[in-house]
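# Take this sequence and fold it.
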Amino acid sequence: MRTAIVTGGTAGIGLAVARALLQRGDAAFVCARDSRRLADALSSLASHGRDRLAGMVCDVRDASSVEAMVDAAGDRFERVDALINAAGVGTIAPIDGLTPEAWQNMIDTNLTGVFNCCRATLPLLTAAGQADIVNLGSRAGRYAFRGGVGYNTTKFGLQGFTEALFLDLHPRGIRVSLVAPGTVATGLAGVAPQDWHLDADDVAKAVLHVLDADFRAAINWVEIRPARPPVT
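Below is the predicted model of the structure:
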């Protein structure tokens, strides 16, 4: 059984990953900023393995909040061998329509939040002997789009962070991977879901595939493209 911390675990990709872990017998410690959404998520996930599920409110932008969350996960499960960084926000706007507050929120959540979680979880992951960090990136981390001046910046940065972190941590028995989906039907950044969008479960399956690879195989980067149905 694996034990994973899942940030952003109350909705979208994070919730789908937590559910997939529990369904196959793993343990999940989920966190998010909103206490009501956390309670709702824990309630919905409980049927898949109440004894292997825990969580707490955590603001990944705040290093002390993250440290308290990681301590709680370690106390609850004693062992953590996977960190899934799924917390993320997005605002789509040109530079003259992007407020400094929106810019800072994306930087603080999508980049600093991942840094905070990786750094705080490192002692537990090292103690596990073999462990994984999976960062949820985006195709927006390779391909810029109009209105993506803020979001693209964070996802390009996350790709570089992930690749450098792999080089630092692989010798210590920790694999670091990036899963980069195209548009997912989660409503992120106010994008209305469409029938050709990826489903959050599609991304969760990719995350589990990364975790399941034999440890000699470090899957550093996975891109998932939406496949539009053929025109008939």
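# Strands along the protein, start to end?
Per DSSP state E, the chain carries strands over the ranges 3-7, 27-32, 53-57, 82-85, 131-136, 174-181, 221-224.
# Redo those strands as CSV? Include mean neighbour count and distance to residue 144.
(Each C-beta comes from the backbone N, C-alpha and C, glycine too.) Formatted as CSV, the strands of the chain follow (neighbours: other Cβ atoms under 10 Å; distance: least, Cβ to Cβ, whole Å):
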stretch, mean neighbour count, distance to residue 144
strand 3-7, 28, 25
strand 27-32, 27, 29
strand 53-57, 20, 34
strand 82-85, 28, 22
strand 131-136, 26, 19
strand 174-181, 24, 14
strand 221-224, 17, 15
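# Residue ranges in the chain under the pLDDT threshold?
The chain contains residues with pLDDT under 70 at 189, 229-232.
# Tell me who's in contact with residue 5.
By Cβ atoms under 8 Å, 6 or more residues apart in numbering, the contact list for residue 5 reads 29-31, 69-70, 73, 80, 82-84, 117, 121.
# try 10 Å
Contacts here follow Cβ atoms under 10 Å, 6 or more residues apart in numbering; on that basis residue 5 touches 18, 27-31, 54-55, 58, 66, 69-70, 72-74, 77, 80-85, 117, 120-121, 124-125, 133.
# same check, this time on residue 97
Taking Cβ under 10 Å, 6+ apart, we find residue 97 in contact with 91, 147, 149.
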